[in-house]
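A.B. asks: Build me a model from this:
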Amino acid sequence: MSSKESVCVIGQTLVDVIQGPDGRAQLGGVVHTARALWAIGSPYRLAYFAPEYLDEHIRRYCEAWGPADAVKIGNVTGAPNLIVVPDPKEIGSKQYELIWHKSQKIVGNRERLQKLLEDPNISDIIIFPDQFDLPTVLEECGKTQARVYIDINYGPEDRSELGALGRKFEAIIISTSATGFRDEYQDSPEQFCKNLFKWGERVLLKENRGGSRLFGPRNASTVLNVPAQVRPIAHSVGVGDCFNAVFVAMRRRFGDQLALNYASCVAAEYATCFQPEELEEAARAVLAIDPNEMAGISGVQLPWEKRPAINVYIAAPDFSWIDRRPIDEVADALRYHNLTPRLPVRENGQMKMDDPPVVKSKMAQDDLIMLDECKLLLAVLLYDDPGTLIEIGLALERGMPVLVYDPYHRASNLMLTELPTLVSADLDVIIAGVFTHAARVSNV
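C.D. replies: Below is the predicted model:
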């Protein structure tokens, strides 16, 4: 992208209210994309919808980290555009809550959008649909010579609205965490993408910690893959938007594959920091990597449709009389990422002390059979449960990756801390480890 070419970002500006130990409030929505473009030194224009109370905050933001001429193309009433983020790391389901979203009303200003899009330097447009009048926005974008991209994570519910562009999108972008993907996916990403080629030249499928794939142009037989850079993170808020921004900005210079690789690496940096200056330093270091080296970048690749076949044995005292919430949290996180948790006590039954020996023996053998069906073992160490410790030893003997989630910091025995593949009290670290080792044992 030349110094004269710029990316136009269109969508709502929100306020992210991030809960947890590192709780904070920050401008979000399309500002995530803007922040990433600024960090990589890409010129951009911002066309936003927002409540009036945010206008001054957005103006000050753009003066500090972007174009001072951000254009408000619609006013939001009836809702504060606050989004509550209870799980910033996306260990499991995001469960974002947009406050009062059902009462939100947006009145667009078509004339301002038309004037902005007259800028001949706009080479690319990224649109993030929400509750604004998408067909009107698309009609105006369709009149330009710019390449148009759309992220459909949050809409439109009626896919036919995409036709208002009047031509095909350069790429339609969606994440496996999007409700739309999970509702429409039919055990085949190729089939899912096929439905979208009616409106787009390409479909970019972001698979969270399992990498990303670019299908197309025009059909799903051509696929470009990019691995994810999996590591412990500070947050996942806006990481996908950062990926979009870098991919779009770098395509003209490097083409699809390198643009995807750079996007993956910068997005990983985005997930480690909150301050724009920190992001800029990290992003510039990524962009300094030689393209030949970047072309061979390694990472984790675990396609969505292959994950259900990855059985993860949950070794834990999963008994009815204890607090099983940490076990449920682990199992729910695995299911969210489309992996298959295996819970021996729940599947094979909970032993009673007065069960006859033949019943006890069968339960034990059934657990061993289940262990052999699994790719790795994830132990939840709630206390020194003999069964959990024995299962850890059996898995180690089989050469399986063994990850120990130690939420109460009980692991102190030398054999327990040193022999497993990974021991951590941080579930985010554990889930990252699951992806890394699941990809290896699955030969993906």
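A.B. asks: Could you tell me which residues make contact with R167?
C.D. replies: Counting by CB atoms under 8 Å, 6 or more residues apart in numbering, R167 touches 142, 148. Every C-beta, even on glycine, is put in place using the N, C-alpha and C of the backbone.
A.B. asks: what about it, which SS state?
C.D. replies: Under DSSP: H, G, I helix; E, B strand; the rest coil, R167 falls in the coil class.
A.B. asks: Same question for A245, what's its three-state structure.
C.D. replies: helix.
A.B. asks: correction: H409
C.D. replies: Classification of H409 using three-state DSSP returns coil.
A.B. asks: For it, which non-adjacent residue is spatially closest?
C.D. replies: For H409, ignoring the flanking residues on the chain, the nearest one in space by CB to CB, 6 or more residues apart in numbering is A425 at 5.5 Å.
A.B. asks: Distance of the one you found relative to L414?
C.D. replies: 18 Å (CB to CB, to the nearest Å).
A.B. asks: what do you get for T340?
C.D. replies: Going from T340 to L414 by CB to CB gives 32 Å.
A.B. asks: what's near enough to touch the spatially closest residue to V441 that is not a sequence neighbour?
C.D. replies: Distance criterion CB to CB, 6+ apart; nearest residue to V441, sequence neighbours excluded, is K375 at 4.8 Å. K375 sits next to 310-312, 400-401, 438, 441-442 when contact means CB under 8 Å, 6+ apart.
A.B. asks: Repeat that for V248.
C.D. replies: Here V248 is in contact with 7, 124, 126, 149, 259 (CB under 8 Å, 6+ apart).
A.B. asks: switch the cut-off to 7 Å
C.D. replies: Counting by CB atoms under 7 Å, 6 or more residues apart in numbering, V248 makes contact with 7, 124, 126, 149.
A.B. asks: which one of the residues you listed sits closest to G108?
C.D. replies: Ranked by distance to G108 (CB to CB), the contacts of V248 are led by I126 at 17.6 Å.
A.B. asks: sec struct for that closest one, please.
C.D. replies: Secondary structure, three-state DSSP: I126 is strand.
A.B. asks: thought it was touching V7?
C.D. replies: Yes. Here I126 reaches V7: they are 6.4 Å apart, a contact under CB atoms under 7 Å.
A.B. asks: Check which residues of stretch 292-308 are buried.
C.D. replies: 294, 297, 299-304, 306-307 (16 or more other CB atoms under 10 Å).
A.B. asks: let me redo that: stretch 225-243
C.D. replies: Burial within stretch 225-243, assessed by neighbour count using 16+ other CB under 10 Å, is assigned to 226-231, 233, 235-243.
A.B. asks: What is the longest strand seen in the chain packed up against?
C.D. replies: Assignment by DSSP state E gives strand 6-18 as the longest strand of the chain. On a contact count with 3 or more CB pairs under 7 Å, 6 or more residues apart in numbering; DSSP states H and E, strand 6-18 meets strand 24-29, helix 30-39, strand 44-50, strand 82-85, strand 122-127.
A.B. asks: mean confidence for that strand?
C.D. replies: Mean per-residue pLDDT for strand 6-18: 94.
A.B. asks: I'd like the next helix or strand past whichever helix or strand V404 is part of.
C.D. replies: In the assignment (DSSP states H and E), V404 maps to strand 402-405. Counting by DSSP H and E, the element after strand 402-405 in chain order, helix or strand, is helix 414-418.
A.B. asks: Next SSE downstream of that next one?
C.D. replies: Using DSSP H and E, the helix or strand that follows helix 414-418 in sequence is strand 422-424.
A.B. asks: Show me how far that next one is from its chain's centre.
C.D. replies: 23 Å (CA atoms, centre = their mean, to the nearest Å).
A.B. asks: ok, and what's touching it?
C.D. replies: 403-406, 411, 417, 430, 433.
A.B. asks: Same check on stretch 270-284?
C.D. replies: Outside of stretch 270-284, the residues within contact range by CB under 7 Å, 6+ apart are 24, 35-36, 38-40, 65, 233-236, 238-239, 242, 266, 269.
A.B. asks: quick one: low-confidence ranges for the stretch 301-444 of the chain?
C.D. replies: Along the stretch 301-444 of the chain, segments meeting pLDDT under 70 span 443-444.
A.B. asks: Most tightly packed of the helices and strands packed on strand 6-18?
C.D. replies: The highest mean neighbour count among these, using mean count of other CB atoms under 10 Å, belongs to helix 30-39: a mean of 27.
A.B. asks: And it, what does it pack against?
C.D. replies: strand 6-18, strand 44-50, helix 55-65, helix 239-254, helix 276-287.
A.B. asks: what's the angle from the helix or strand just after the fourth one to helix 276-287?
C.D. replies: The reference is to helix 239-254. Using DSSP H and E, the helix or strand that follows helix 239-254 in sequence is helix 256-270. On the basis of axes from the mean of the first three to the mean of the last three CA atoms, to 10 degrees, helix 256-270 is oriented at 150 degrees to helix 276-287.
A.B. asks: For helix 256-270, which residues meet the burial criterion?
C.D. replies: Those would be 256, 258-270, for helix 256-270 by 16+ other CB under 10 Å.
A.B. asks: So for that helix, mean pLDDT?
C.D. replies: Mean pLDDT, computed over helix 256-270, is 96.
A.B. asks: mind listing the strands in the stretch 51-200 of the chain by residue range?
C.D. replies: Secondary structure of the stretch 51-200 of the chain (DSSP state E, counting those that start in this stretch): strands at 71-77, 82-85, 97-98, 105-108, 122-127, 147-151, 171-175.
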